[in-house]
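In: Kindly return the folded structure for what I paste below:
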Amino acid sequence: MALSNDERIAQQADEKVQSIPIQKIKPNPYQPRKTFDEAKLNDLADSIRQHGILQPIVLSESVQGYYIVVGERRYRASQLAGLTEMPAIVKALTETDMMELAIIENLQREDLNAMEEAESYQKLMDDLHITQQDVAKRLSKSRPYVANMLRLLNLPKSVADMVRTGEISGGHGRTLLAVKDAQAMKRLANRVSKEHWSVRYLESYLADNEPKKQTSQKATKQAKPRFIQKQERQLKEQYGTDVTISTRKQKGQITFDFTSEEEFKRLIRQLNRER
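Out: A predicted model of the protein is given here:
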């Protein structure tokens, strides 16, 4: 049977389980999960009161105290349960180790919402100066999957918050990126949430209500050679935005679309990394 992330770290650790005062333990600054289900935390706290902590958390020691590497839910629930100390394995880890392990643990347990997952990928890329391909390899994901998740970071804050809270799904969010006007996107997102549209229905709605300009652009794309269309699709997946390739005689042009300053900066960072 495959070991969990906690068990794998614990098995590799030379240190024995120690009892650490809760007041000396600090949350992992690289924890990608920003929201914790209060009801589930209370249930876990009740279990801890009754049975104790069955599996030690993993900590990294620093001059400021102990930082959580794995086990933040248990830490928070233990606080609710009124514990004053916790069983823990203390490991010597770098900041990079802490960040990677925190993200990997949450991704393995599917505890992150779509926005937190996208932000985790971006943080790995920014802090470790790595590419989408590197992230995909480290986390056993496909590169197109990582690229598609990163596209969510282009959503306006109001729509991104709806994905974060579960009002709409990540699939809805990515589909809504076809709507270039932020206010129109927000209105449509509210309708998707209120009327419980599926992602497929939303795609169909957008296809039926495309502006003539976009329809004209589609016709232009269809007239392009197939290998150009293929390259456009690959670049769109790789960079998480619409890409247009145009050729005329012996010259050509590649255009990357962006709808905000933040999206522009993200594209520049990625292009610089892959030079």
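In: Each with direction, which strands does the helix or strand in which Thr244 is found pair with?
Out: Assigned by DSSP states H and E, Thr244 belongs to strand 243-248. Its sheet considered, strand 243-248 pairs with strand 251-256 (antiparallel) by DSSP bridges.
In: Ile130 and Arg273 touch, don't they?
Out: Yes - using CB atoms under 8 Å, Ile130 is in contact with Arg273, at 7.4 Å. Where C-beta positions appear, they are placed from N, C-alpha and C, glycine not excepted.
In: Check what pLDDT Arg273 gets.
Out: pLDDT for Arg273: 72.
In: brain fart, Asp14
Out: pLDDT recorded at Asp14 is 48.
In: Leu93 too?
Out: For Leu93, the pLDDT comes out at 82.
In: distance from the centroid: which residue in the chain tops it?
Out: Lys249 (42.0 Å; CA atoms, centre = their mean).
In: Give me the contact list for the strand holding Thr244.
Out: The contact list for strand 243-248, computed with CB atoms under 8 Å, 6 or more residues apart in numbering, reads 224, 228, 231-232, 235-236, 252-257.
In: and the gap between Ala118 and Leu153?
Out: Plainly put, Ala118 is 5 Å away from Leu153 if you go by CB to CB, to the nearest Å.
In: Neighbour count: these two, which is higher?
Out: Set side by side, Ala118 and Leu153 show more neighbours around Ala118, with 27 against 18, by other CB atoms under 10 Å.
In: quick one: the more buried one from Met149, how far?
Out: Counting by CB to CB, the gap from Ala118 to Met149 is 5 Å.
In: list the residues that contact both of the two?
Out: Shared contacts of Ala118 and Met149, defined by CB under 8 Å, 6+ apart, comprise Gly170.
In: Give me the lowest-pLDDT entry from the contacts of strand 243-248.
Out: For the contacts of strand 243-248, the least confident entry is Lys224, with 76.
In: which stretches of the chain form helices?
Out: Shown for the chain, the helices assigned by DSSP state H span residues 5-12, 38-51, 72-81, 95-108, 114-128, 132-138, 143-150, 157-165, 170-176, 182-195, 199-208, 212-222, 226-239, 261-273.
In: List just the one of those that sits closest to Ser60.
Out: Ranking the helices of the chain by their distance to Ser60 (criterion: CB to CB) puts helix 95-108 first, at 5.7 Å.
In: Report the separation between Lys224 and Glu237.
Out: 17 Å.
In: same question, Ile268
Out: Counting by CB to CB, the gap from Ile268 to Glu237 is 19 Å.
In: In terms of packing, which of those two has more residues around it?
Out: It is Glu237, of Ile268 and Glu237, that has more neighbours when counted by other CB under 10 Å, with 18 against 12.
In: Enumerate every residue touching Trp197.
Out: 172, 191, 205.
In: Please repeat the previous calculation with a cut-off of 7 Å.
Out: Neighbouring residues of Trp197 by CB atoms under 7 Å, 6 or more residues apart in numbering: there are none.
In: Need the pLDDT of it.
Out: 93.
In: Kindly provide the distance from it to Leu128.
Out: Distance, Trp197 to Leu128, by CB to CB: 37 Å.
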